[in-house]
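*Asks:* kindly return the folded structure for what I paste below:
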Amino acid sequence: MGNCCYPEEYSELFDGREAGRVARRFRNRGLSLAADNVVESVIGRGIDGASILEVGGGVGQIHIALLEAGAAKATNVDLSGNWESEATALLREHGLERQVQRHVADFVDAADGIDPADVVVAHRVLCCYPDLTMMLGAVADHSRRVVVLTVPKDTWWIRAFLALSNGWLAVRRRQFRAFAHPIPDMVTFLADAGFRLVDDRSRPVWRTLVFERA
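*Replies:* Numbers count the residues shown, from 1 in each chain. The predicted model follows:
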């Protein structure tokens, strides 16, 4: 897993307690504002009968919402296995077990064994992945129609927060880092891969970018 963000540390950061917290929030309050941006954006491009591939989907709240909005099936690929128990429980509660396949893997490493989908969602994933080109390349290769990215907004205070967070991780001798990859680089890379930017939505911290095959 040479391209990845240190899977053991990722699993420590995103552990069972975090999975339980995210699942409880979804049960009690629904989608977060940033996740709701993703769902609204995908629905706006047409979702009926579509296949969804979510990279780093955690407990699966986004693809659950998309399936309930009319998507036909979903695949989730996440680096941490700590999401699986809560994700399975949520799928059972929503009656969607047969419509979802889940894989525990680094998506870049496992990409050859994952089927393409109409829509590929990478919600708050690129900020955890050091190699922007490798991840975006795998995402683009697996999308037949739409790519949705949620990335940190490019502001001074977000860059400062990430620098402080990474400094604290270094003090603790952790190798995991958070990243604010340049958004223009993402747009250019996906344009070269045949996608055009068709929607751009912002929340206080996160920015949702929607691309469609030209």
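*Asks:* and the nearest residue to residue 94 once chain neighbours are set aside, what element?
*Replies:* Of all residues not flanking residue 94 in the chain, residue 64 sits nearest, at 5.5 Å (CB to CB, 6 or more residues apart in numbering). For the C-beta atoms, the positions are set from N, CA and C on the backbone; glycine is no exception. Residue 64 belongs to helix 61-68 when elements are defined using DSSP states H and E.
*Asks:* do the same with residue 196
*Replies:* Here residue 196 is assigned to strand 195-202, by DSSP H and E.
*Asks:* the following helix or strand past that strand vs strand 195-202, what angle?
*Replies:* Per DSSP H and E, the first helix or strand lying C-terminal to strand 195-202 is strand 206-213. Orientation check (axes from the mean of the first three to the mean of the last three CA atoms, to 10 degrees): strand 206-213 against strand 195-202 gives 160 degrees.
*Asks:* buried residues, strand 206-213. List them.
*Replies:* Residues 206-212 are the ones in strand 206-213 that count as buried (16 or more other CB atoms under 10 Å).
*Asks:* same question for stretch 59-75.
*Replies:* In stretch 59-75, counting by 16+ other CB under 10 Å, buried: 59-67, 71, 73-75.
*Asks:* longest helix anywhere in the chain?
*Replies:* Determined from DSSP state H, the single longest helix within the chain is helix 156-171.
*Asks:* the residue in the chain sticking out farthest from the centre and residue 198: what is the separation?
*Replies:* Of all residues in the chain, residue 171 has its C-alpha farthest from the mean position, at 27.7 Å, by CA atoms, centre = their mean. Distance, residue 171 to residue 198, using CB to CB, to the nearest Å: 42 Å.
*Asks:* how about residue 37?
*Replies:* For residue 37 relative to residue 198 (CB to CB), the value is 14 Å.
*Asks:* between those two, who's got more neighbours?
*Replies:* residue 37 (22 against 14; other CB atoms under 10 Å).
*Asks:* list the contacts of the more buried one.
*Replies:* 150, 201, 203, 206, 208 (CB atoms under 8 Å, 6 or more residues apart in numbering).
*Asks:* ok, and what's touching stretch 162-175?
*Replies:* Counting by CB under 8 Å, 6+ apart, 6, 9, 127, 152, 176-180 sit against stretch 162-175.
*Asks:* could you redo the last one with a cut-off of 10 Å?
*Replies:* Outside stretch 162-175, the residues within contact range by CB atoms under 10 Å, 6 or more residues apart in numbering are 5-6, 8-9, 12-13, 127, 130, 152, 176-180.
*Asks:* can you give me the neighbour number for residue 176?
*Replies:* Residues near residue 176, counting by other CB under 10 Å: 18.
*Asks:* mind listing the helices for the chain?
*Replies:* 7-13, 16-29, 33-44, 61-68, 84-94, 107-110, 132-141, 156-171, 183-192.
*Asks:* so can I have CSV of those showing mean pLDDT?
*Replies:* Shown next, in CSV, are the helices of the chain (pLDDT from 0 to 100):
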stretch, mean pLDDT
helix 7-13, 72
helix 16-29, 94
helix 33-44, 95
helix 61-68, 98
helix 84-94, 97
helix 107-110, 94
helix 132-141, 96
helix 156-171, 89
helix 183-192, 97
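*Asks:* how near is residue 83 to residue 76?
*Replies:* From residue 83 over to residue 76 the distance is 8 Å, taken as CB to CB.
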